[in-house]
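Participant: below: sequence and its predicted model.
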Amino acid sequence: MDILKLLLIAHLIGDFFLQPVKLVEKKKNSIKGLIIHSLIYTIMITLVLLLFGNIWEIIFWSFLVFGSHFLIDYFRIKITKKFNNNAFSFWSFIVDQIIHVLLLVTISLVIKSNLNSIGDAVYNISFLKEIGHNIIINYILAFLIVLSPASVFIKHFFNYIFNKKDICENVESDNVGALIGMLERVVILLLGVLGLYGSIALVLTAKSLARFKQLEDKDFAEKYLVGTLFSLIIAILALLIIK
């Protein structure tokens, strides 16, 4: 099993799917909220480490992950509040994610993909072996990317490019728009997996027809086109993970 891909899955779950709006707001305004988020994130990473490292490696890296995640998010929140603009919020989000991922890459290089006794037990589960561990991991990673993480990135990018006043931190601030975007990417990814590439054009056409009247507004049309193209690009990149 690929430890880096498993760590990335844990990262996406801990940093996006298990961080609802209430927790985002709580960690902005209190150390307690930040500790809760960092603890949840660390638990997800530790669950992966339990398959590979020895006890001392697991303890060491778990503490390091918790401490680094706490400090990175803490300083990002403080600096973002100080500058309070969309450009800084976007780039701080990008840098934040890069640093987190670089730490995971470092962990994967040090520990490597050598399974311990717990990992061997999981690896030898019959139905996982029949399907193929790497296939399952690739599918999970790809579908996780096109859901909440993609929506958060697109919202940050929109705020940055179109200079919205409100700084968005989570997809739930625009549930309908976020849901449509996620469903669009999931459908495109599914069609790509099935090899029905021509049908992807039908999905985009149907979406355009539903917004036909609104597309007469130039400002809306530009934002619509940018959002659609970004969704398509992200879905294609996720498809490459599976392929």
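Facilitator: Ah, there it is.
Participant: buried ones in the helix or strand hosting residue 98?
Facilitator: Assigned by DSSP states H and E, residue 98 belongs to helix 86-111. For helix 86-111, burial by neighbour count (16 or more other CB atoms under 10 Å) applies to 86, 88-90, 92-93, 96-97, 100, 103-104, 107-108, 111. C-beta: built from backbone N, CA, C; applies to glycine.
Participant: as JSON lines, the residues you listed with pLDDT and distance to residue 159 would be great.
Facilitator: Converted to JSON lines, these look like this (pLDDT from 0 to 100; distance: CB to CB, whole Å):
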{"residue": "86", "pLDDT": "84", "distance to residue 159": "4"}
{"residue": "88", "pLDDT": "85", "distance to residue 159": "11"}
{"residue": "89", "pLDDT": "86", "distance to residue 159": "7"}
{"residue": "90", "pLDDT": "90", "distance to residue 159": "7"}
{"residue": "92", "pLDDT": "91", "distance to residue 159": "12"}
{"residue": "93", "pLDDT": "93", "distance to residue 159": "10"}
{"residue": "96", "pLDDT": "95", "distance to residue 159": "15"}
{"residue": "97", "pLDDT": "96", "distance to residue 159": "16"}
{"residue": "100", "pLDDT": "96", "distance to residue 159": "21"}
{"residue": "103", "pLDDT": "96", "distance to residue 159": "26"}
{"residue": "104", "pLDDT": "96", "distance to residue 159": "26"}
{"residue": "107", "pLDDT": "95", "distance to residue 159": "32"}
{"residue": "108", "pLDDT": "93", "distance to residue 159": "32"}
{"residue": "111", "pLDDT": "90", "distance to residue 159": "37"}
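Participant: average pLDDT for the lengthiest helix in the chain?
Facilitator: Ordering each helix of the chain by length in residues (DSSP state H) puts helix 55-83 first. Averaging pLDDT along helix 55-83 yields 93.
Participant: what angle separates that helix from helix 86-111?
Facilitator: 170 degrees (axes from the mean of the first three to the mean of the last three CA atoms, to 10 degrees).
Participant: in terms of secondary structure, what does helix 55-83 contact?
Facilitator: Helix 55-83 sits against helix 21-29, helix 31-49, helix 86-111, with contacts defined as 3 or more CB pairs under 8 Å, 6 or more residues apart in numbering; DSSP states H and E.
Participant: so which of the ones you listed is nearest residue 11?
Facilitator: helix 86-111 (6.1 Å; CB to CB).
Participant: quick check: next helix or strand after the one helix or strand residue 142 maps to?
Facilitator: In this assignment (DSSP H and E), residue 142 forms part of helix 133-145. Following helix 133-145 in sequence order, the next helix or strand is helix 148-162 (DSSP H and E).
Participant: after that following helix comes which helix or strand?
Facilitator: helix 175-194.
Participant: can I get the CA coordinates of the helix or strand of the chain with the lowest mean pLDDT in PDB?
Facilitator: Across the helices and strands of the chain, mean pLDDT, DSSP states H and E gives its lowest value to helix 126-131, namely a mean of 74. Presented in PDB, the C-alpha positions along helix 126-131 are these (Å, rounded to 0.1, in the frame of the first residue of the first chain):
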ATOM      1  CA  SER A 126      -9.700 -10.900   1.400                       C
ATOM      2  CA  PHE A 127     -12.100  -8.500  -0.400                       C
ATOM      3  CA  LEU A 128      -9.400  -5.700  -0.400                       C
ATOM      4  CA  LYS A 129      -6.900  -8.100  -2.000                       C
ATOM      5  CA  GLU A 130      -9.400  -9.200  -4.600                       C
ATOM      6  CA  ILE A 131     -10.200  -5.600  -5.700                       C
END
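Participant: let me see the contact set for the residue nearest in space to the middle of the chain.
Facilitator: The centre of the chain sits closest to residue 149, judged by CA atoms, centre = their mean, with a distance of 3.2 Å. Counting by CB atoms under 8 Å, 6 or more residues apart in numbering, residue 149 touches 12, 16.
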